[in-house]
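In: structure for the following, please:
(chains A and B)
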2 protein chains.
Amino acid sequence: MEIYHRISDIRDYVKARRREGKKIGFVPTMGYLHQGHLTLMERAKEENDIVIASIFINPTQFGPDEDYEDYPRNLEHDAKLAKGVGIDIIFAPKVEEIYLKNACTRVEVDDLTTKLCGASRPGHFRGVCTIVTKLFNIVNPDRAYFGQKDAQQVLVIKKMVEDLNFDVKIVVVPIVREEDGLAMSSRNKYLSTKEREAALILFKSLTLAKNMIEAGKRDANLIKSQIIKNIENEPLARIDYVHIANEKNLKEVDLVTGKILIALAVYIGETRLIDNILLEV
Amino acid sequence: MEIYHRISDIRDYVKARRREGKKIGFVPTMGYLHQGHLTLMERAKEENDIVIASIFINPTQFGPDEDYEDYPRNLEHDAKLAKGVGIDIIFAPKVEEIYLKNACTRVEVDDLTTKLCGASRPGHFRGVCTIVTKLFNIVNPDRAYFGQKDAQQVLVIKKMVEDLNFDVKIVVVPIVREEDGLAMSSRNKYLSTKEREAALILFKSLTLAKNMIEAGKRDANLIKSQIIKNIENEPLARIDYVHIANEKNLKEVDLVTGKILIALAVYIGETRLIDNILLEV
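Out: Presented below is the predicted three-dimensional model:
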């Protein structure tokens, strides 16, 4: 495995592999890898000849009061983990390699981005779409792998790929959870022991909702109010949003039917965590 | 030469040529080809193994009161001309092939697009950047050819390519003029005989400015006021803008020095024409 920092090195590498007829898989990450990322990488290895993972904490998808500066970083450890699952190349550029000082081009997906995380994090998806466009243009992959944990991101990226005719297949990989159910996230590192315990409220609330639906409940507002009540009982938790929506367009539903996404964003102390489940009713 | 209407056909064709190691040149046009387009195509033929030209009147770059419906179309004649200069493939998709009904993704270049044509035609460059992104993703060319007549478009596209890391070399080809100096344009077709004569005022005014600068004049405002006076003397002409600017950032200058763009947009009757010259002082 090699670590490249330069766009030109990645381009040269990919062009050489393409001349050999190799299929390229791509796993874009912000590093501080956990089993969720590694599962994406393993899937990419199964389906492609070559897998490139990027490790880049993209400043433009963080709001001014968010955790860009504090976002955990450990390239050396990441490299070991990535090598362990057979990644061929890590692309770990500096910010200056990716963003020129006078950069002024942005990619926007207008629908889908106003709700959920888009509402709490204005500009977030603009940053995501712009960096993913850039990385796709740099890496030129056949397939790119994203985690279902960022449910809205997955929908936005798929829409962007469709609308802008990127010749990249988007592969979505299910959420990987800790044994007790907490969705894996680099931000779990921020949690104190007490917060770590409290953070289980996300998974517990989703499970509660799932059980209600499996027991025949179909009133989305009732289910939502139960989720809210459940989270509000946890003193360390503060709700950002609870959303029961059509899986494709993210519009809130009154009736639970068809393919449904239940998505949460909850602050545990200072740490904002997200989680979701997909259900077919 | 073949004419393709489907994205999948272009993709298959390009992939097959790439496997043969061929270099792909691309000339995006809105059709109704004239010698300006053909010059782009000839240049592309010189520099690439394969040249693809697109003929697509992009609705999203026209304002609601502009000439999208009336824009001249003649695919059959275009095909003959393109074949004559050795184009390999024409890509002539229908609007529905390019834009899905629920498309909601756009590419924006924030600087450069507020002035000149961007000021007179709000949303124009958003439409241009979005369609060029899509066409680049569909055609996947090594080089793409644009005419200097659309001076601002050239700068915007170059910035977009830089900012979004497209692996496409942008080649800019000088303005092609009629014998009397009128810049070639598909929109010249709109001009009546009298308007055709009046339209010469654009080239004459640029020549006047050039002569003033060659005679040692450096006061941009003085030169600009001479251009304006000159155009205002033509009864059929109505100025949209006259801009004397830094060639790179399009900022208006007070002093004519370095690389300078003098750009005009002038209505001749109902027809909006643009023209420009680049000067190095």
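In: list the contacts of A:Lys169.
Out: A:Lys169 makes contact with A:Asp142, A:Arg143, A:Ala144, according to CB atoms under 8 Å, 6 or more residues apart in numbering or on different chains. Any C-beta I mention is one placed from the backbone N, CA and C, and that applies to glycine too.
In: correction: the previous question concerned A:Met160.
Out: A:Val107, A:Val109, A:Cys129, A:Val132, A:Thr133, A:Phe166, B:Thr105.
In: what segments of chain A are strands?
Out: Secondary structure of chain A, counting by DSSP state E: strands at A:2-4, A:24-29, A:50-55, A:89-91, A:105-109, A:143-147, A:169-173, A:237-246, A:259-268, A:271-280.
In: could those strands go into CSV alongside mean pLDDT?
Out: Output for the strands of chain A, formatted as CSV (pLDDT from 0 to 100):
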stretch, mean pLDDT
strand A:2-4, 98
strand A:24-29, 98
strand A:50-55, 98
strand A:89-91, 98
strand A:105-109, 97
strand A:143-147, 98
strand A:169-173, 98
strand A:237-246, 97
strand A:259-268, 98
strand A:271-280, 97
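In: adding distance to B:Leu33, write these out as TSV.
Out: Below are the strands of chain A laid out as TSV (distance: least, CB to CB, whole Å):
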stretch	distance to B:Leu33
strand A:2-4	43
strand A:24-29	37
strand A:50-55	41
strand A:89-91	41
strand A:105-109	29
strand A:143-147	37
strand A:169-173	36
strand A:237-246	46
strand A:259-268	48
strand A:271-280	50
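In: please identify which of those strands is closest to A:Lys210.
Out: Among these, the nearest to A:Lys210 by CB to CB is strand A:271-280 (6.1 Å).
In: buried residues in the closest one?
Out: A:Thr271, A:Arg272, A:Leu273, A:Ile274, A:Asp275, A:Asn276, A:Ile277, A:Leu279 (16 or more other CB atoms under 10 Å in any protein chain shown).
In: ditto for stretch A:193-204
Out: Those would be A:Glu195, A:Arg196, A:Ala198, A:Ala199, A:Leu200, A:Ile201, A:Leu202, A:Phe203, A:Lys204, for stretch A:193-204 by 16+ other CB under 10 Å.
In: which residues does it contact?
Out: With contact meaning CB under 8 Å, 6+ apart, stretch A:193-204 is reached by A:177, A:180-183, A:188, A:191, A:230-231, A:234-237, A:264, A:266, A:268-269, A:271, A:273-275.
In: which of those residues count as buried?
Out: For these, buried by 16+ other CB under 10 Å: A:182-183, A:188, A:191, A:230-231, A:234, A:236-237, A:264, A:266, A:268, A:271, A:273-275.
In: of those, which pair is most distant in space?
Out: A:Asn188 and A:Asn230 (20.2 Å).
In: can you name every helix or strand that the lowest-mean-pLDDT helix or strand in chain A contacts?
Out: Each helix and strand of chain A was given a mean pLDDT (mean pLDDT, DSSP states H and E); the minimum falls on helix A:116-120 at a mean of 89. Counting by 3 or more CB pairs under 8 Å, 6 or more residues apart in numbering or on different chains; DSSP states H and E, the packing neighbours recorded for helix A:116-120 are helix A:124-139, helix A:151-163, strand A:237-246, strand A:259-268.
In: and the angle for the longest one with strand B:105-109?
Out: Read it as helix A:124-139. 80 degrees (axes from the mean of the first three to the mean of the last three CA atoms, to 10 degrees).
In: perfect, that will be all.
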